[in-house]
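A.B. asks: Fold the following, please.
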Amino acid sequence: MKTRTFKPFRCAECEVGTVRYAKGRGRVREYAWGVTLEVPEDVKIPQCDQCGETYVQPTDMAALDRRMRLVFTEWAAERLGAFVDILVLRHGVTQRQIAAICDVTPSHLSHILAGSAAPSMTLVRLLEAFAASKAEFDRHLRGGSAALRALYPFVVRQPGFAPPEDARAYEGTMQGWPIAQAATGSNG
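C.D. replies: Coordinates of the predicted model:
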């Protein structure tokens, strides 16, 4: 079986430059939704010498993904570490309490902060929101929304609560909500 070799070609983006394998500083790539990270210097990927557009080949994608996951793990450890520090200082909570509020094990959060495990983007965004909003973290620290638990006790987890055998007992509990009134055209 003959292996294909990469041949430089004209860039489709700028139509001026030539695309060839390159490595070096200053190259970035979106790794996850809204997270742009720097590509490690030693990773060679096809890039236009004029506009910088990258053309990752399927054969290179697995290796690039592995390296970018390591970069993401380091980035997350630093960023989430800062968020956890903010929460600890601002609220006087422990890492164990933060893990419980985020619905992850303390061990998993510890591994993330040590840079030995990658977090989900959900956890990244959740800790980001908690660090940005003192009131939101306080609400979760107190146990979430009491009004929501009162209306939908079978939806929001509570210690010792079991959903009723007959869920029809909860029919109509949304009738007082503005969204339900708008849908039915009634005003309560």
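
A.B. asks: For stretch 82-92, what is the distance to the chain centroid?
C.D. replies: Taking the mean of its C-alpha atoms, stretch 82-92 sits 19 Å from the chain's own mean (Cα atoms, centre = their mean, to the nearest Å).

A.B. asks: Now do the phi/psi pair for Glu30.
C.D. replies: Note on Glu30: backbone dihedrals following degrees, to the nearest 10 are phi -80, psi 120.

A.B. asks: mind checking pLDDT for Gly176?
C.D. replies: Gly176 is assigned a predicted lDDT (pLDDT) of 43.

A.B. asks: same check, this time on Leu123
C.D. replies: Leu123 is assigned 92 on the pLDDT scale.

A.B. asks: what helices or strands is the helix or strand containing it leaning on?
C.D. replies: In this assignment (DSSP states H and E), Leu123 forms part of helix 121-132. When contacts are defined as 3 or more Cβ pairs under 8 Å, 6 or more residues apart in numbering; DSSP states H and E, helix 121-132 packs onto helix 58-91, helix 134-142. Placement of C-beta: from N, CA and C, glycine included.

A.B. asks: ok, now with 6 Å
C.D. replies: With contacts taken as 3 or more Cβ pairs under 6 Å, 6 or more residues apart in numbering; DSSP states H and E, helix 121-132 sits against helix 58-91.

A.B. asks: and the helix it packs on with helix 121-132, angle?
C.D. replies: Here helix 58-91 runs at 30 degrees with respect to helix 121-132, directions being taken by axes from the mean of the first three to the mean of the last three Cα atoms, to 10 degrees.

A.B. asks: what's next to the next helix or strand after helix 58-91, contact-wise?
C.D. replies: Sequence-wise, the next helix or strand beyond helix 58-91 is helix 95-101, with elements assigned using DSSP H and E. Contacts of helix 95-101 from elsewhere in the structure, counted by Cβ atoms under 6 Å, 6 or more residues apart in numbering, are 84, 87, 106, 109, 140.
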